[in-house]
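> Structure for this input, please:
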Amino acid sequence: IKYILESPEGTPAEYFERVFRRYAGLPWSILETEHCYVRESCEEDVEAFYDIYKAPEVTRYTEGLFEHAISEKAYIREYIEKVYAYFEFGVWTVILEESGEIIGRAGISTREGFDIPELGYVLGLPWQGKGLAKEVCEGIIKYAKDELEITRLQVLIQEGNEASVRLAQKLGFEKE
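Numbers count the residues shown, from 1 in each chain. As a prediction, this is how the structure comes out:
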């Protein structure tokens, strides 16, 4: 038994839908912005992730994917089971609504050695510099506050990643 309800009365219908989606292996819809749709990642996203992450400019400041897609798919399966199911948040897939293309990943994660959850984001090169990362991150910050009751987030940025520094500043983060 993964879910127990002491009293189902008053439980929002969205909760039951999410329980069903988890059992059926369907990704949860997280949020929509003006131009993008954010949902949980699934194995079918892996090919698009490899297309995004193949650009050295994308992986210069972030972890890459596993060398082989089969390992990345296994990681995604475990992530769904252990991270999404436990925390009900994580790093999600970002989709451009207009075309349905997967354009990146963004979300909230916990990092060992830190008490504050981290906002993270990666967009493919063709979609950088268009304001989409800011739009998606603003949606995630609002979601974190309103839905997850997370009151503080951090952005960990590697030295030299000036584009991420500018985005974090636009989002209201301050350097510590």
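
> count of residues packed around the residue nearest to residue 90 when sequence neighbours are not counted?
Spatial nearest neighbour of residue 90, excluding adjacent residues (C-beta to C-beta, 6 or more residues apart in numbering): residue 83 at 4.5 Å. (C-beta placed from N, C-alpha, C; glycine too.) By other C-beta atoms under 10 Å, 17 other residues sit near residue 83.

> Likewise for residue 68?
9.

> Check what pLDDT it gets.
Residue 68 is assigned a pLDDT of 96 by the prediction.

> Average pLDDT for the lengthiest helix in the chain, rounded please.
In the chain, assigned by DSSP state H, the helix with the most residues is helix 132-146. Averaging pLDDT along helix 132-146 gives 98.

> now the nearest residue in space to residue 5 that is not next to it in sequence: how far from residue 19?
Leaving out its chain neighbours, the residue that sits closest to residue 5 by C-beta to C-beta, 6+ apart is residue 11, at 6.2 Å. Distance of residue 11 to residue 19, given as C-beta to C-beta, to the nearest Å: 10 Å.

> And residue 155, by the same measure?
32 Å.
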